[in-house]
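Coordinates for the following, if possible.
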Amino acid sequence: MRDLDEQSITNEVLGAVSRTADPRVQQVSKALIRYLHAFIREVEPTQAEWEFGIDFLTRVGQMCSDVRQEFILLSDTLGVSMLVDAINHRKPEGATETTVFGPFFVENRPALPLGANMAPGAPGTPLFVSGSVRDVKGMPIAGATIDAWHSDEEGFYDVQRGEELQMRGRFQADDDGRFWFWSVRPKYYPIPHDGPVGQMLQAQGRHPFRPEHVHFMIAAEGCETLVTHLFIDKDPYLDSDVVFGVKNSLVTDYAERSPGVAPDGSQIEVPYLVLDYDFVLSRKAKR
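All right, here's what the predicted structure looks like:
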């Protein structure tokens, strides 16, 4: 392990990890070494550029907190999150497609009854969200758990504002797999771009925006958990989502409604929107 040069060092490093006992650790380590060394050979960074790269990753880590995950943003904006998602969610035909989880999910979201308003008192256009959960054979999935969360009318999530949790909730479908709740219309928004990921996007000549969407995570016993979004048609950022998460099957639209009796029987005094979508879960493979 002496007198290594740019041609011999890769094989030497690969040899150093070839004795790793865990086969998966060895596989991942060797692949990382091969591709990282190939990257360095291709771009031939100067010492200053390499130091800048180390500093960039250091600043990404330093930006992470309980309400901000800069490494998820980095993964998202480089398309890595969607690639990992695609590899891990090869769905059967007819199942609802997945997309990225995003950095704004929280564990302590409130459990709410069907029909509840998960944005009480929040400004914005009222939004009635409804739909069903079934399997690929069309059978309703009773009692499925539906998590929903989204931004406010200005494009901010509650955790970004440091306020109480709003515009998020966990619901349980009825015996027919149906669910419904109230909220307010979200808006397209920029991902947090005041840190190193934002600086990267600026250097790449890219905008930081995500199209308008509502997040869903739907789970049921015996089914693969679904993590997805619903995107709104004609949004200006549908074709340039900074995290590459848009899929045609997830693009839908609101139905505009006048004041009157809402789908859940309640009386509403102002114009409102309805977002209705039927989700299809894939069953877990039997072992």
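
for stretch 227-245, how far is the first residue from the last?
12 Å (Cα to Cα, to the nearest Å).

please begin residue numbering at 616 from this point
Sure, I'll start numbering at 616, so the last one becomes stretch 842-860.

what about that stretch, distance to the chain center?
Once both centres are worked out by Cα atoms, centre = their mean, to the nearest Å, stretch 842-860 turns out to sit 11 Å from its chain's centre.

again, but for stretch 631-645
On Cα atoms, centre = their mean, the centre of stretch 631-645 falls 31 Å from that of its chain.

now swap in stretch 894-902 and tell me
In terms of Cα atoms, centre = their mean, the gap separating the centre of stretch 894-902 from the centre of its chain is 21 Å.

in stretch 850-859, what counts as buried?
By neighbour count on 16 or more other Cβ atoms under 10 Å, the buried set for stretch 850-859 is D850, Y852, L853, D856, V857, V858, F859. Any C-beta I mention is one placed from the backbone N, CA and C, and that applies to glycine too.

Who are the contact partners of the second one?
Shown in contact with Y852 (Cβ atoms under 8 Å, 6 or more residues apart in numbering): Y803, H822, F824, R825, P826.

mind listing the strands in the stretch 616-765 of the chain by residue range?
With DSSP state E, counting those that start in this stretch as the criterion, the stretch 616-765 of the chain has strands at 741-750, 760-764.

so what pLDDT did G676 get?
Here the pLDDT value assigned to G676 is 97.

Assess the claim that it and F686 are in contact.
Yes - counting by Cβ atoms under 8 Å, G676 touches F686, with 7.1 Å between them.

low-confidence ranges in the protein?
Low-confidence regions of the chain, defined by pLDDT under 70, span residues 616, 901-902.

Which parts of it are helices?
Applying DSSP state H to the chain gives helices spanning 624-632, 638-658, 662-677, 685-692, 695-703, 773-776, 811-818.

just to revisit the earlier point, I'd like the strands of the stretch 616-765 of the chain laid out as CSV, including distance to F654.
As requested, the strands of the stretch 616-765 of the chain are exported to CSV (distance: least, Cβ to Cβ, whole Å):
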stretch, distance to F654
strand 741-750, 43
strand 760-764, 36
